[in-house]
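A.B. asks: Generate coordinates for the sequence data below:
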Amino acid sequence: MRCTACGRTAAAGQPVQHDVPPITQYASPDLIGQIAYAGADPADDPGWPSSGAADQAEYARWCRHICGMACLAMTLQHRDGHAPPLLDLLRASLPFGTYRTGPDGTIRGLFYAPFVDYITDRHGLTGEVQPDIGLDDLLARVTAGDLAMASVHKEIRRPDRAAPGRGGHLVLIVGYDPGSDAVHYRNPSGHTADTRAAVLPASTFETFFARRGITIQPSA
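C.D. replies: Okay, the predicted model is just below:
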């Protein structure tokens, strides 16, 4: 495997995996399955104060939209050993234009370029928007040392089922094993421990992948 964009060889045979702890966009990971598949209201999540939200209403409004902030928190936790609460990260990012709210209150985002501006300015991270990148090239970046926020369909948490689409949700790719062709990633909306710190064959991951994302150098 060779990254056509950067000229670096990815599949030299050595697996690469960053030690990144999973962080979920929902305050109580054990409730994600009920929220995703049983109609539970995230406003009832008793762990909401840990999100940094001012109240339950703020948490309920944003928790479905902050997969990107969870990916950022994982990156910061990996680099620094700690990370701010997700709603603190969100609020700090809004002046950069990371999300937009419509007249009807609809939330749009995460917008990639403003997000990269934010993480550069506020967190000293080096990020690069990847608007159209094949999985091979993205994994080459990971093998070369980057973390990668990849746009996938949220149903990647049930990979035994055919992918219903591509994109709309962000996961953090933390490693790749060329020998087994396995993608290691962290899913902010994983509903089980195995789907939060997940491993999939690249061929399966690719069926959910929208060919876009953000690469981040995890060191300052």
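A.B. asks: what about the nearest residue to residue 162 once chain neighbours are set aside, which helix or strand?
C.D. replies: Of all residues not flanking residue 162 in the chain, residue 207 sits nearest, at 7.6 Å (Cβ to Cβ, 6 or more residues apart in numbering). All C-beta spots, glycine's among them, are computed from the backbone N, C-alpha and C. Per DSSP states H and E, residue 207 falls inside helix 202-208.
A.B. asks: Counting neighbours, show which residues of whichever helix or strand comes after that helix come out buried.
C.D. replies: For helix 202-208, the following helix or strand on the C-terminal side (DSSP H and E) is strand 209-217. Neighbour-count burial for strand 209-217, counted by 16 or more other Cβ atoms under 10 Å, picks out 209, 211-217.
A.B. asks: Out of the residues you listed, which comes closest to residue 97?
C.D. replies: The closest of those to residue 97 turns out to be residue 214 (Cβ to Cβ; 14.9 Å).
A.B. asks: gap between that closest one and residue 53?
C.D. replies: 25 Å (Cβ to Cβ, to the nearest Å).
A.B. asks: just to revisit the earlier point, export the buried residues of strand 209-217 as TSV, with columns for distance to residue 64 and pLDDT.
C.D. replies: TSV is the format used below for the buried residues of strand 209-217 (distance: Cβ to Cβ, whole Å; pLDDT from 0 to 100):
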residue	distance to residue 64	pLDDT
209	21	98
211	23	98
212	20	98
213	19	98
214	20	98
215	25	98
216	23	98
217	29	95
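A.B. asks: May I see these organised as a markdown table, with distance to residue 116 added?
C.D. replies: Formatted as a markdown table, the buried residues of strand 209-217 follow (distance: Cβ to Cβ, whole Å):
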| residue | distance to residue 116 |
| --- | --- |
| 209 | 20 |
| 211 | 18 |
| 212 | 13 |
| 213 | 11 |
| 214 | 6 |
| 215 | 10 |
| 216 | 9 |
| 217 | 12 |
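A.B. asks: what mean pLDDT does stretch 173-185 have?
C.D. replies: The average pLDDT for stretch 173-185 rounds to 97.
A.B. asks: so how far is stretch 167-187 off the chain centroid?
C.D. replies: The chain centroid and the centroid of stretch 167-187 are separated by 10 Å, computed with Cα atoms, centre = their mean, to the nearest Å.
A.B. asks: got the CA coordinates for that stretch in PDB?
C.D. replies: Output of stretch 167-187 as PDB, limited to C-alpha atoms (Å, rounded to 0.1, in the frame of the first residue of the first chain):
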ATOM      1  CA  GLY A 167     -20.800   9.000   6.100                       C
ATOM      2  CA  GLY A 168     -22.500  11.200   8.700                       C
ATOM      3  CA  HIS A 169     -20.700  10.100  11.700                       C
ATOM      4  CA  LEU A 170     -17.000  10.400  12.800                       C
ATOM      5  CA  VAL A 171     -14.800   7.700  14.300                       C
ATOM      6  CA  LEU A 172     -11.100   8.000  15.200                       C
ATOM      7  CA  ILE A 173      -8.800   5.500  13.400                       C
ATOM      8  CA  VAL A 174      -5.900   4.800  15.800                       C
ATOM      9  CA  GLY A 175      -4.100   2.000  14.100                       C
ATOM     10  CA  TYR A 176      -3.700  -0.400  11.200                       C
ATOM     11  CA  ASP A 177      -2.200  -3.900  10.900                       C
ATOM     12  CA  PRO A 178      -1.100  -4.600   7.300                       C
ATOM     13  CA  GLY A 179      -0.600  -8.300   8.100                       C
ATOM     14  CA  SER A 180      -4.300  -8.900   8.900                       C
ATOM     15  CA  ASP A 181      -5.600  -5.800   7.000                       C
ATOM     16  CA  ALA A 182      -7.300  -4.800  10.200                       C
ATOM     17  CA  VAL A 183      -8.400  -1.200  11.000                       C
ATOM     18  CA  HIS A 184      -8.300  -0.300  14.700                       C
ATOM     19  CA  TYR A 185     -10.600   2.600  15.600                       C
ATOM     20  CA  ARG A 186     -12.600   4.300  18.400                       C
ATOM     21  CA  ASN A 187     -16.300   4.900  17.900                       C
END
